[in-house]
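A.B. asks: With the input below, show me the fold.
(4 chains)
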Protein chains: 2
Amino acid sequence: MAPATASRTDPRVARWSPACQAVTALFGPSVEVVLHDAGRDRVLAIWNPMTKREAGDPSLLGELDRLPAAVDGVFGPYEKLLSDGRRLSSVSALLPGDDGGPSAVLCINFDRTPLDGAAALLSALAAPVAPRPAALFAEDWRERVHQIVGAYVRARGKQVERLDRNERLALVGELEDAGVFAVRRAVPVVATALKASRSTVYTLLAEHRATEPVR
Amino acid sequence: MAPATASRTDPRVARWSPACQAVTALFGPSVEVVLHDAGRDRVLAIWNPMTKREAGDPSLLGELDRLPAAVDGVFGPYEKLLSDGRRLSSVSALLPGDDGGPSAVLCINFDRTPLDGAAALLSALAAPVAPRPAALFAEDWRERVHQIVGAYVRARGKQVERLDRNERLALVGELEDAGVFAVRRAVPVVATALKASRSTVYTLLAEHRATEPVR
DNA sequence: GGCGCGCTGGACAAAACGTCCGCGTAGGAC
DNA sequence: GTCCTACGCGGACGTTTTGTCCAGCGCGCC
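C.D. replies: Numbering: from 1, shown residues only, chains lettered A, B, ... in the order given. Okay, here's the model as predicted:
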């Protein structure tokens, strides 16, 4: 498994290559390992590249300056965003040369996008998955209004027109509790079903809401 | 973040430490990184130990001989089993010394137990989840919006922000078909759920209605 | 006949709805 | 890099719906 590198002869590549390869081997296609030339700001070698970068390309490591202060020569982990939307967790490490000073920079980028998907799936498990809920909506709410009104009317054996004020109030209450008034253009429909005016429905509704404030 | 090591002065530790630390930093408590002295079969340093091993302990690396042949000095990944049942994926790499010969061995052990749990959970998803009883509509149309959006998003393993235009259009279509937009104040809620503006939702809605006029 | 209650339609203000447009910008072509 | 296109955004705006108010009126009752 050779890295994409034109600098095979560079001693730093020879030195760090096994370590980089080990990481690549363990995490397969999810990680990209990049070895940078600290001095020339170039990519020395790259394993499993996620972008089109290759050895010799500029490193664009200037960003390291702006990152949280290094701990023992290690930056991060910090988040990176690829242009295609993938989300990476990244760390960088300053690798010492023979003189003890930094000679190379190691960057490990971990594509956590699949994990995001899995995490979403997992957290969604907390809430039960509703299959396709029955078509309560569309035109059904009208029917629902008529059902509620019809049931009420039947229960008292009167026609709508004969219902007295309290009964209408109660009926509006039932409709409200069924959520009918959360639907657009519901009031006129209810008014018709109740054989009453829009005004009256609003009055009853206000009265009901004043009585049962919470809902 | 210092490794558990009594060999701070060993030049090999100084050299490889940043790289080991980088790996530890990225994968947090899930990985253990061990640097071995190839010659003396001793642990040189260990980061985030999962067992009680520490620097100076015998390495017990004899097993490497029995592993699949190394590729470019890298062994594995192979599976290890801890006594407490945890399952590790591991790789080992022969790290070259200044003379080019091996001077140290790097082992990275990744605790995949949590992933096994997640995988089991995930595959269990294939089995149908008991549908929950259909709720009366009342206030749950909001929840419905979130369910539909959530299901859609999960199906593609993207988060809402990254859905492209067509996907959003389709999603709005589903919401429309579910009758969501028949509810008062639905558009702002949908906009929020979609992480889009009210305008955008209306645009998509218009587009959808132009495409599927009857419904 | 006079009174009170409640419903009514109409008028009107407020809120929600839906449309439009200019601007910023991300992404692609060159 | 520059240009270009397409898209999403927020704000402005006109329209529709909503909700409130009121004067008038029917009806039962004293």
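
A.B. asks: how far away is the residue of chain A most remote from its centre from A:Arg156?
C.D. replies: Here chain A reaches farthest from its C-alpha mean at A:Arg162, the gap being 54.0 Å by Cα atoms, centre = their mean. Separation of A:Arg162 from A:Arg156 (Cβ to Cβ, to the nearest Å): 9 Å. C-beta coordinates here come from the backbone N, C-alpha and C atoms, glycine included.

A.B. asks: A:Cys20 too?
C.D. replies: According to Cβ to Cβ, A:Cys20 and A:Arg156 sit 83 Å apart.

A.B. asks: Please apply the same query to A:Leu88.
C.D. replies: Distance, A:Leu88 to A:Arg156, using Cβ to Cβ: 68 Å.

A.B. asks: Across the sheet, point out what pairs with A:Ala93.
C.D. replies: Beta-bridge partners recorded for A:Ala93 (DSSP bridges): A:Val74, A:Leu106.

A.B. asks: That one against A:Gly73, yeah?
C.D. replies: Yes - the criterion here is Cβ atoms under 8 Å, and A:Ala93 meets it with A:Gly73 at 5.9 Å.

A.B. asks: Looking at these two now, which is surrounded by more residues?
C.D. replies: For A:Ala93 versus A:Gly73, neighbours defined as other Cβ atoms under 10 Å in any protein chain shown are more numerous around A:Ala93 (26 against 18).

A.B. asks: Show the model's pLDDT score for that one.
C.D. replies: pLDDT recorded at A:Ala93 is 88.

A.B. asks: A:Asp37 against A:Ala104, yeah?
C.D. replies: Yes - counting by Cβ under 8 Å, A:Ala104 is a contact partner of A:Asp37 at 6.5 Å.

A.B. asks: hey, what's in contact with both of those two?
C.D. replies: A:12, A:44 (Cβ atoms under 8 Å, 6 or more residues apart in numbering or on different chains).

A.B. asks: Identify the residue spatially nearest to A:Asp10, adjacent ones excluded.
C.D. replies: Nearest non-adjacent residue to A:Asp10, counting by Cβ to Cβ, 6 or more residues apart in numbering or on different chains: A:Leu44, 6.0 Å away.

A.B. asks: which one of A:Cys20 and A:Arg156 has more residues nearby?
C.D. replies: Applying other Cβ under 10 Å to A:Cys20 and A:Arg156 shows that A:Cys20 carries more neighbours, namely 25 against 12.

A.B. asks: In which helix or strand does that one reside?
C.D. replies: Element membership of A:Cys20 [criterion: DSSP states H and E] is helix A:11-27.

A.B. asks: quick check: mean pLDDT across that helix?
C.D. replies: For helix A:11-27, mean pLDDT rounds to 88.

A.B. asks: Verify the assumption that A:Ser89 is located in a strand.
C.D. replies: Yes - with DSSP: H, G, I helix; E, B strand; the rest coil as the criterion, A:Ser89 is part of a strand.
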